[in-house]
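Engineer: sequence and predicted structure below; questions after.
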Amino acid sequence: MRYSAFGILKQGLTGNKGWKPVWREPEPKKSYDYIIVGGGGHGLATAHYLAKVYGGKNIAVLEKGWIGSGNIGRNTTIVRSNYGLEGNQPFYEMSLKLWEGLEQDLNYNAMMSQRGILNLAHSDGQRDAYAKRGNAMLMSGADAELLDRAAIQKMCPFLNFDNERFPIKAGLLQRRAGTARHDAVAWGYARSADLHGVDIIQNCEVTGFQMKNGKCLGVQTSKGMIKAKKTAVCVAGASSRVMEKAGMRLPIESHVLQAFVSEGLKPTIPGVITYGAGHFYVSQSDKGGLVFGGDLDGYNSYAQRGNLPVVEDVCSGGMSIMPMIGRARLLRMWGGVMDMSMDGSPFIDKTGIEGLYFNGGWCYGGFKATPASGYCYAHLLATDTSHENASQMRLDRFIRGNMIDEKGVGAQPNLH
Amino acid sequence: MIINHPLLGPRDANEFIHLGDESMIDRPDGMGEHAAKNFHEYLYLRDNPAGKYRELWYHEAGDRSWLVVTRDTVTHEIFNVELARDVARSRGRSK
C-alpha cells in the first residue's frame, strides 16, 4: 500500500479501518541467496538497497528480538556529515545525501528535519581545527560554515559565552545536518524491504554458523538451520559475541553510552548543539524534550544501562554551556551498547571466511550512517568489491597501518 | 561501582581510569619472531566477552597503582581485585 495524503484523508473519513500490517511475518525458507543477520537500522537498510538498487533476490533478514530493538531505537537521532578524514567524510556525506531523499525513496515519513548542527569552539586552537575540518567537509561536497562569536550570539543567545575557562570563540555550523525519527527509519526500511520481497524474520536468533572447508554455508538459528550463499552479519553492539561463533576476534570492545530526555519544554533550542570543551550534545525533540548525551561510561559493558558518575558528568557539561536547562527535570535515561573500535571508525568488509561478511564497529555514530552503511554493505554483498566511499573501512587496516583515527587517540576504544 | 582495592579497601570507581583487557600485561617481544603479527593481536584484537572479564584499572585519584579487576560485563558485579604487579610476578615477571 502506497502512502499518500489522499490515502490518509480517505482512511480518516472511513474510521481508519483500512490500514494493513506494514510487513509480512513469514516463516524462514530452507535457503536464501543472502541472509542478513540483524534487523536493526543497518541490516534493514542493507536489505532495502540490496533488493532495490542492486537487484538482489531471495533475501532474508534474521532478527533475534523484534526489528529496531537495538541501537536504532536507543540513540539521540542526530544526522550529520562533519568529519575530517578522507576515509570517513565522503561516506558520511553520501549518507546525508541519502537521508535527504530517504522519505521519497521509502515512501515513509522518517521526520527528517534539517535543523542544523553547531559545534562550539572554546579556544583559538579549537577554532582553527574546526576551520580545517570545515574545509575537509566542503571538499567532500558537504556544507560547512565557520561562525564567529557574534553570529552564534544571534543564533543561540542562551549559551554561556563568558565561562571563565571555556568562553565561546567560534562554531562550526552544518545547516544540512539535523535529526530524524529513529524508529521510523527502521520501520520505513523494513516496509520497503518487505515490499521488495525480503523476508523479515523476527524472534529468530542466530546461534552459530555452518562452516565447511573454511566456507560459510549458512546459519544455525532458533528456527532451525538456514542455508545462504552469502551471510552478512550486521549486529553492532553484539559484534564480538556473534563473530566469536565464527572463530573471529575483532578490533572491537563493547561499551555503554547513556542518553537522556528532559520533560517537554517550549521550543528553545534551534538545532543540535555540541559543547567542545566537555562532552555534551543536545537537541530538542518535536515533543519538546531535550535529548542529550555525553561520554561513554568508560569500561567494557554489555548492560544496557550505565552508572551515576557519568550522569553527573553529562549534566554538569550541560549546565556549563547552557545554564538555562538547570530548571528542567530529567524524564528518562537509558544506555545502549556500542561496538567501540580501536580507531573510532567502522568496518564494512569481507571476512577471511568465504561467504561471510561483516558490518560493525560503529562506535556511537551509527545512526547517521544508516543509509550509507546499508548502501555500501549491499554494494559489497552484490559485487564482492568495496564501495568507493567505504573502501578504507576494512578489518585489516590496523595491521596495514591505515587507521581512520578521527580523534587521534590511538588504540584506546573508551576514548574515541 | 565500588572497587575493593587490595591495599586501600573499598573505593568509588570514579577514582579509577579503565585501560582495558588484562592481556595488555603480557607485552610481546618486539624483537621476537612474528613480532608484527603478535603486536597486532596484542594492540588491536580483543575477546570482548559478555560475562566475566579481567581488566586493568589505574587508581589515578589514589595511590596510582595498577589493578587487575575481575568483573561481569553484563551485571557490572566485581568478583576479585588484585594488584597488577602481583599478577605479573605470578607469571614470572621481575616487576
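Structural biologist: In hand now; what should we look at?

Engineer: whichever residue of chain A sits closest to chain B: neighbour count?
Structural biologist: Closest to chain B within chain A is A:S240: 3.7 Å, counting by C-beta to the nearest C-beta. For glycine as for every other residue, the C-beta is placed from the backbone atoms N, C-alpha and C. For A:S240, the number of neighbouring residues by other C-beta atoms under 10 Å in any protein chain shown comes to 24.

Engineer: which residue, other than its chain neighbours, is closest to it?
Structural biologist: B:N48 (3.7 Å; C-beta to C-beta, 6 or more residues apart in numbering or on different chains).

Engineer: next: B:T70.
Structural biologist: Per C-beta to C-beta, 6+ apart, closest to B:T70 is B:N80, 4.1 Å.

Engineer: and if you look at B:L43?
Structural biologist: That would be A:A411: by C-beta to C-beta, 6+ apart, it lies 5.0 Å from B:L43.

Engineer: that neighbour belongs to a helix?
Structural biologist: No - applying DSSP: H, G, I helix; E, B strand; the rest coil, one finds A:A411 to be coil, outside a helix.

Engineer: if we can go back for a sec, give the contact list for the residue of chain A closest to chain B.
Structural biologist: Contacts for A:S240 (C-beta atoms under 8 Å, 6 or more residues apart in numbering or on different chains) come out as A:R249, A:L250, A:I252, A:E253, A:S254, A:D339, B:R46, B:D47, B:N48, B:P49.

Engineer: how about it, secondary structure?
Structural biologist: For A:S240, the assignment made with three-state DSSP gives helix.

Engineer: element containing A:A236?
Structural biologist: Using DSSP states H and E, A:A236 maps to neither a helix nor a strand.

Engineer: for it, give me its contacts.
Structural biologist: A:A236 sits in contact with A:38, A:40, A:42, A:70-71, A:338-339, A:346, A:359-362, A:366, where contact means C-beta under 8 Å, 6+ apart.

Engineer: what are the ranges of the strands in chain B?
Structural biologist: B:2-5, B:9-12, B:17-21, B:52-58, B:66-72, B:78-83 (DSSP state E).

Engineer: nearest to A:E86, of the ones you listed?
Structural biologist: strand B:17-21 (27.9 Å; C-beta to C-beta).

Engineer: is any part of that closest one close to chain A?
Structural biologist: Yes - using C-beta under 8 Å from any C-beta of the partner chain, we find that strand B:17-21 touches chain A at B:I17, B:H18, B:L19, B:G20, B:D21.

Engineer: nearest to chain A: which residue in chain B?
Structural biologist: Minimum separation of chain B from chain A (C-beta to the nearest C-beta) falls at B:N48, amounting to 3.7 Å.

Engineer: restricted to buried residues, select the contacts of A:S240 in PyMOL.
Structural biologist: The PyMOL command for the buried members of the contacts of A:S240 (criterion: 16 or more other C-beta atoms under 10 Å in any protein chain shown) is given here:
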select buried, (chain A and resi 250+252+253+254+339) or (chain B and resi 46+48+49)
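
Engineer: just the contacts of A:S240 now: which is nearest A:R80?
Structural biologist: A:R80 lies nearest to A:D339 out of those, by C-beta to C-beta, at 19.4 Å.

Engineer: what about that closest one, helix or strand, and which?
Structural biologist: Per DSSP H and E: strand A:330-341 holds A:D339.

Engineer: I'd say the residue of chain B closest to chain A and A:S254 touch.
Structural biologist: Yes - counting by C-beta atoms under 8 Å, B:N48 touches A:S254, with 5.7 Å between them.

Engineer: anything in contact with each of these two?
Structural biologist: Joint contacts of B:N48 and A:S254 (C-beta under 8 Å, 6+ apart) are A:S240, A:N300.

Engineer: list the residues that contact B:W66.
Structural biologist: B:W66 touches B:L56, B:W57, B:Y58, B:H59, B:L83, B:A84, B:R85, counting by C-beta under 8 Å, 6+ apart.

Engineer: what about the fourth one, neighbour count?
Structural biologist: This means B:H59. By other C-beta under 10 Å, neighbour count at B:H59 equals 18.

Engineer: what kind of secondary structure is A:R176 in?
Structural biologist: Three-state call for A:R176 (three-state DSSP): coil.

Engineer: any idea how far A:G344 is from it?
Structural biologist: 23 Å (C-beta to C-beta, to the nearest Å).

Engineer: neighbour-wise, which of these two wins?
Structural biologist: A:G344 (23 against 20).
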